[in-house]
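A.B. asks: Using only what follows, build the 3D model:
(2 chains)
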2 protein chains.
Amino acid sequence: MRLVLEAAVPGRRELVPLRQAAGRRLAEAITATTDWPPFARSGLDGFAVRSADTTLASPSTPATLRVVSSVAAGELASAAVAPGTAVRIMTGGPVPLGADAVVMLEQTADALVDGLPAVHVKRAAEPGQNIAPRGEEFRCGSVIAEPGTRLRPGHVALLGTFGYADVPVYARPRVAVLATGAELLPVEAALAPGCIRDSNSAMVAALVEQCGGEALVLRRVPDEPEATARAIAEALAQSELIITTGGVSVGDYDVIASLLRGLEPSDGAAESPAFPAVDSPAPIEAKLPQASRLLFNKVAMRPGSPTSAALMEGKLLLALSGNPGACFVGFELFAKPAIQRLQGAGVNESLPKQVTAKLASPFDKGSPHERFVRTRLISRDGMLFADPLAFSKSSMMASIPDADGLIRLKASPEGAAADTIVDIILL
Amino acid sequence: MRLVLEAAVPGRRELVPLRQAAGRRLAEAITATTDWPPFARSGLDGFAVRSADTTLASPSTPATLRVVSSVAAGELASAAVAPGTAVRIMTGGPVPLGADAVVMLEQTADALVDGLPAVHVKRAAEPGQNIAPRGEEFRCGSVIAEPGTRLRPGHVALLGTFGYADVPVYARPRVAVLATGAELLPVEAALAPGCIRDSNSAMVAALVEQCGGEALVLRRVPDEPEATARAIAEALAQSELIITTGGVSVGDYDVIASLLRGLEPSDGAAESPAFPAVDSPAPIEAKLPQASRLLFNKVAMRPGSPTSAALMEGKLLLALSGNPGACFVGFELFAKPAIQRLQGAGVNESLPKQVTAKLASPFDKGSPHERFVRTRLISRDGMLFADPLAFSKSSMMASIPDADGLIRLKASPEGAAADTIVDIILL
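C.D. replies: Alright, predicted model coming up:
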């Protein structure tokens, strides 16, 4: 993850209209352009008064005040509130000079004094009551959101309030998606013997868009190194990140693995974890860009151990497993953080969001490497319970749509007992 | 909520390409069009064998089998596996006839027997080992997702697998957004005395789009009943749901409240909760459509008590508070469920998603009505803690972007003590 995040450098910026800013990440800090509220505002409909005039007010002995003016939201009062007077005021209206409290309409009654409009106030008002003072929420110039912040609807409200009709954000990273595998048919094709439809491309594209990227699904290429290297070179020209699926195992036709074996490790690249030795086919004379370097090949995890990564002309290539379950886990652990980082998220904020939960049932399968188990999450009495899903093998798809999270199980020969507190990556 | 959900009837359907299906809701049940896997598949790279041939195998006394064929993914084996033979097989390749186990490459060594290719198998294979049997995950015809399901990337993978190049989904509901308030300036305007910028329109539009709707932001209208009624009638022609903000209080210029006061209650409409009586201005001779009926005016909750709803020509109008905090809560409680329902979500699935959590600090403000307090959620040792945010008053915006949830506090003169288990609406 560290290697991937170091390689994913926040990139292009753009200015988008406020209406399109939600979900994007800020490219610059945004500050309050005025105090907020910009003036002392009434919190409700009622009467602006001098609290001292109401000290003895009660339902049986109301304070009677002459109503000298009326102020709606968007208006200014034509008169200040002098002793013995009140101003009718609406929610959001600016509190007139002289007044230090607003009495809600429900605690008043209309009255007449010498034939002129007045109001009976039936309860003593506290100074400041029902008034939002100027600058209560924000002082002019204070930072309302830092660069890298993902804009939620609440940020949109603040941006609107402070007059940001256009918002500086990072551009959506373009992510090329390339499925490999001679067995793959297009989704619209009829099944042929021994073949399956390419479901990874559409799944990965959906995942890319879910985390803010723009997916560019490439045509599948045959399991042939030169054609694959050419497709990768073309993808590099059009994208900031390349995600491949399949071809990363130790089989004779694993074209991505063959290409990556030909690369020099980058400075600081990870040591290959201690997997059982295999007589690998010889590395292919790769047609990959000269500046390509290996970041890591294989990861000590399950599923998804064949997941690999390289840097090509400064851009990241993530090679995910072709097994849908392993592809999904590899995406969540490596591609999603990279896509967040490319959009300007901080390094820590780019990492998967984690919570802790109690295992609702034992998971009795050990693993020599950390294991990521798809799970449902259940909330009961303030406690979060993780209930591991069936059909969670690397080749399996059935449990992917139902998963709320991935349980992180440490490498262990035994698995984990029920009631163990475990870390959960939220999906 | 019940009244709103009864009024929001799932509407238009459409067929979208698989690449655009993520995030949409299914209009029809989707079934497996084949068994899955469609044939017995190898889970890894290795050799397909008859397990009986390997019963005595060990690293020092390997079983030696002749390799009669090779099968890559997408191919069929040219020969069956007869006793004493093996077939080289790649991940995802169809297991040839005769074989009942796959031995991983790492547990084998290449060999020659009489100058012909062979393999040493160093460990006894269990029957079925490393093979995903046909139909293990899905049987042909079984339902993979019900109507109303929100499609996640994992569903997209399943739809691709089963050949759904186009997917029947509910259309995105068109939601008209109409802000009222004479004090409102456009976002791009300079502030004027007593005025504020309209931040609710952009916030509500972002919320609408976050839950799958298409927002149509209307031009602000003056606080004038006829112009407002005309704007509503125009919005009805273009949308399935109308959301107004502001003008729902008891003030003299509360145009939406005035219009709604003129409506007949619908059959089964909610009784107005017992709010303090006010001398309301007379109802306005409304120019609303004749078929308009009131669903409820005001809700016994804080913030957002002025929230009201009506049915107009069979379509729902939700009148939210103009106070940003109250507007946000009203949206989450009423508009979001309606938008989910319009997209075909089941009634229960349309309701806000809730968990329970422990109050991290006391909330000492009582309320005569149920209160919804913006909160951060913190996970520790499997427990979820709710830490109420400051700046949560109905007029306040500052805490909206930071909120993970809304604490539901029951009506009580005292508030709630730390460590109380509370219900939380997830945002």
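A.B. asks: Thought A:Ala231 was touching A:Leu259, still the case?
C.D. replies: No - counting by C-beta atoms under 8 Å, A:Leu259 does not reach A:Ala231; the two are 10.8 Å apart. C-betas here are computed from N, CA, C, even on glycine.
A.B. asks: Who has more neighbours out of these two?
C.D. replies: Set A:Leu259 next to A:Ala231 and count neighbours by other C-beta atoms under 10 Å in any protein chain shown: A:Leu259 wins out with 27 against 19.
A.B. asks: Then the more buried one would be within a helix, right?
C.D. replies: Yes - A:Leu259 forms part of a helix when assessed by DSSP: H, G, I helix; E, B strand; the rest coil.
A.B. asks: Now do the same for it: its pLDDT.
C.D. replies: Listed pLDDT for A:Leu259 reads 90.
A.B. asks: and what of the one 3 residues further on?
C.D. replies: Each residue has a pLDDT score; the one for A:Gly262 is 83.
A.B. asks: Now do whatever residue of the stretch 301-427 of chain A ends up closest to chain B against B:Pro153, distance only.
C.D. replies: Per C-beta to the nearest C-beta, A:Ile400 is where the stretch 301-427 of chain A lies closest to chain B, at 3.0 Å. Per C-beta to C-beta, to the nearest Å, A:Ile400 is found 7 Å from B:Pro153.
A.B. asks: What of A:Val102?
C.D. replies: Relative to B:Pro153, A:Val102 is positioned 51 Å away (C-beta to C-beta).
A.B. asks: the more surrounded of these two?
C.D. replies: Neighbours were tallied for A:Val102 and for B:Pro153 using other C-beta under 10 Å; the higher tally belongs to A:Val102 (29 against 22).
A.B. asks: doesn't that one fall inside a helix?
C.D. replies: No - checked against three-state DSSP, A:Val102 lies outside a helix; its state is strand.
A.B. asks: Show me what it bridges to in the sheet.
C.D. replies: Assessed by DSSP bridges, A:Val102 has beta-bridge partners A:Ala48.
A.B. asks: got any ranges where the stretch 1-150 of chain A has weak pLDDT?
C.D. replies: Within the stretch 1-150 of chain A, no range satisfies pLDDT under 70.
A.B. asks: residues in contact with the residue in it positioned nearest to chain B?
C.D. replies: Closest residue of the stretch 1-150 of chain A to chain B, C-beta to the nearest C-beta: A:Gly74 (3.2 Å). By C-beta atoms under 8 Å, 6 or more residues apart in numbering or on different chains, the contact list for A:Gly74 reads A:92-93, B:181-184, B:194-195.
A.B. asks: Excluding chain neighbours, give the residue nearest to it in space.
C.D. replies: B:Glu183 (3.2 Å; C-beta to C-beta, 6 or more residues apart in numbering or on different chains).
A.B. asks: Now that neighbour: phi and psi?
C.D. replies: phi -80, psi 0 (degrees, to the nearest 10).
A.B. asks: what's around it, how many residues?
C.D. replies: Using other C-beta under 10 Å, B:Glu183 has 24 neighbouring residues.
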